[in-house]
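Colleague: Pasted the sequence and its predicted model underneath.
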Amino acid sequence: MKLSAICVFLSCVCVINASWELDLLLNMIECEHSRDLNLDVSGVDVYFYDFQNGVIETFPINEAAQGILSLKNLDKVKKFFMFVGGFKSHINKNTEERVREAFRDFPNSYLIIVDHSAYTNDRQGKKKSYERSVKYVYYIGKQLAQMLVGLHEGGISPKTIHCIGHSLGSQMLAHVGEIFFATTGEKISRITALDPAGPCFSNALIQEQIRSGVAEYVEVYHCNAGGLGTTSVLGDVDFFVNKGASQPNCGTALVPGILDSSLSAKCNHKTCVTMWTASVSQPEGYKAYKCDKYKHFKGGMCSLNDRAVAGFWNPGNATGVYYFSTEGYDFS
């Protein structure tokens, strides 16, 4: 079955010296979601970290499950965290380093970081590169699902697997969860989607987006909704960080709405990673309130509503839409 969608963004606004994010939104973008392209993703690399034993291994994605299972002293009951970054991500970039640092001292766990930069870099120019990257989302997600199926067949329970994605990586995890369940009849325990990519996805078919049901629990965090992040409410729970669209200390928009200044949008978008990884070492988490609108949250009209712990330590029982403020938290 072929699922395809074409998303087009047009603008007559011209901004001098804007970087790729703004250029992406100002130019016509044609994004195709197809499952009939049969794209090869064997160039994806999987990095496995056993910090407790000082082990770091790298595997091609097609060999990753077998390689991990063959590691000496692998404890199959430990927690497995898997992080998948977004467009232009790379194993040596700051986002991936934040993830490594967040889990370096976390007990009884392993960390997997996926480097799909062979297919999601910007070497063809920003517009063409993003369009190309979107085409690969399903295929990278499919191969990652097959890797996790291999780990499961080797004795690793999906109850121990927690997948975290940022931006384009969050959308890949939709396919990871969907295909894993279709293959095994079991669901990954949790997917955390940090500001899932908006361009080419906000208006796409729901099958192409991260969503409730593709894991036992799907939590979504919004930091740049309507800009680089999606505007869609998708998870079992959706947390809107501060305004959900813009973040403190990230500057102001050149144009209201989707046309954020590029540096501001990038800062807003990455705040979700910074905020969430900082919470790994903060068991108290962030205090979130169930609320339908930011102005109601800001005005204190939701202070008597249901509360939830947002961040890494979210126990997984909250559902619906929540807002929280990061005021008073240091996660620079």
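Modeller: Done, it's in. Given the structure is predicted, the values throughout are model-derived calculations rather than measurements.
Colleague: CA atoms for contacts and neighbours, from now on please.
Modeller: Noted.
Colleague: all strands of the stretch 51-200 of the chain, in order?
Modeller: 55-60, 79-84, 109-115, 161-166, 190-194 (DSSP state E, counting those that start in this stretch).
Colleague: Dump the ones you listed to CSV, plus mean pLDDT.
Modeller: Shown next, in CSV, are the strands of the stretch 51-200 of the chain (pLDDT from 0 to 100):
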stretch, mean pLDDT
strand 55-60, 99
strand 79-84, 99
strand 109-115, 99
strand 161-166, 99
strand 190-194, 99
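Colleague: Could you dump those strands into TSV with mean neighbour count and distance to Thr319 added?
Modeller: Listed next are the strands of the stretch 51-200 of the chain as TSV, based on neighbours: other Cα atoms under 10 Å; distance: least, Cα to Cα, whole Å:
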stretch	mean neighbour count	distance to Thr319
strand 55-60	15	37
strand 79-84	22	22
strand 109-115	23	27
strand 161-166	23	18
strand 190-194	28	14
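Colleague: Relative to Val137, which of those strands is closest?
Modeller: When the strands of the stretch 51-200 of the chain are compared by Cα to Cα, strand 79-84 sits nearest Val137, at 11.1 Å.
Colleague: Pull up the pairing partners for that closest one, direction included.
Modeller: strand 109-115 (parallel), strand 161-166 (parallel) (DSSP bridges).
Colleague: The stretch 51-200 of the chain: helices as residue ranges?
Modeller: Ranges of helices in the stretch 51-200 of the chain, per DSSP state H, counting those that start in this stretch, are 64-69, 94-103, 117-120, 126-153, 168-184.
Colleague: Flag every buried residue along the last one.
Modeller: With burial defined by 16 or more other Cα atoms under 10 Å, the residues of helix 168-184 counted as buried are 168-181.
Colleague: Over to the fourth one?
Modeller: Residues of helix 126-153 classed as buried under the neighbour-count rule (16+ other Cα under 10 Å) are 126-127, 129-152.
Colleague: thinking again about what came up before, which among the helices of the stretch 51-200 of the chain is found nearest to Gly86?
Modeller: By Cα to Cα (comparing all of those), the closest turns out to be helix 168-184, at 4.3 Å.
Colleague: which residues are contacting that closest one?
Modeller: 84-87, 134, 137-138, 140-146, 148-149, 163-165, 186-188, 191-197, 208-211, 214-215 (Cα atoms under 8 Å, 6 or more residues apart in numbering).
Colleague: Now with 6 Å, please.
Modeller: 84-87, 137, 141-142, 145, 187, 193, 196-197, 209-210, 214-215 (Cα atoms under 6 Å, 6 or more residues apart in numbering).
Colleague: Same question for stretch 211-231.
Modeller: 177-178, 187-198, 202, 234-241, 244-246, 258, 268-269, 272.
Colleague: Ok, stretch 299-306 next?
Modeller: Against stretch 299-306 from outside (Cα under 6 Å, 6+ apart): 289-291.
Colleague: Go through those and flag which are in strands.
Modeller: 289-290 (DSSP state E).
Colleague: ok so, going back, mind giving me TSV with the strands paired with strand 79-84 and columns for distance to Tyr322?
Modeller: Shown next, in TSV, are those (distance: least, Cα to Cα, whole Å):
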stretch	distance to Tyr322
strand 109-115	28
strand 161-166	19
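Colleague: ok, back up a step: can you redo the strands of the stretch 51-200 of the chain as CSV, where the extra columns are distance to Ser281?
Modeller: Shown next, in CSV, are the strands of the stretch 51-200 of the chain (distance: least, Cα to Cα, whole Å):
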stretch, distance to Ser281
strand 55-60, 22
strand 79-84, 15
strand 109-115, 14
strand 161-166, 16
strand 190-194, 17
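Colleague: Could you tell me the per-residue confidence at the closest residue to Arg123 other than its chain neighbours?
Modeller: Spatial nearest neighbour of Arg123, excluding adjacent residues (Cα to Cα, 6 or more residues apart in numbering): Ser129 at 6.7 Å. In this model, Ser129 is scored at 92, pLDDT.
Colleague: What distance do you get for Ser129 to Ala265?
Modeller: Using Cα to Cα, to the nearest Å, one gets 19 Å for the distance from Ser129 to Ala265.
Colleague: swap in Ile113?
Modeller: Following Cα to Cα, the distance that separates Ile113 from Ala265 is 24 Å.
Colleague: of all the helices of the stretch 51-200 of the chain, which lies closest to His33?
Modeller: helix 126-153 (5.9 Å).
Colleague: tilt between the closest one and strand 109-115?
Modeller: Angle, helix 126-153 to strand 109-115, by axes from the mean of the first three to the mean of the last three Cα atoms, to 10 degrees: 150 degrees.
Colleague: Helix 168-184 and helix 126-153, what's the angle between them?
Modeller: Using the same axes, to 10 degrees, helix 126-153 lies at 30 degrees relative to helix 168-184.
Colleague: And helix 126-153, what does it pack against?
Modeller: Under the contact criterion of 3 or more Cα pairs under 6 Å, 6 or more residues apart in numbering; DSSP states H and E, helix 126-153 touches helix 64-69, helix 168-184.
Colleague: Dump those helices to CSV, plus distance to Val321 and mean pLDDT.
Modeller: Output for the helices and strands packed on helix 126-153, formatted as CSV (distance: least, Cα to Cα, whole Å; pLDDT from 0 to 100):
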stretch, distance to Val321, mean pLDDT
helix 64-69, 36, 99
helix 168-184, 18, 99
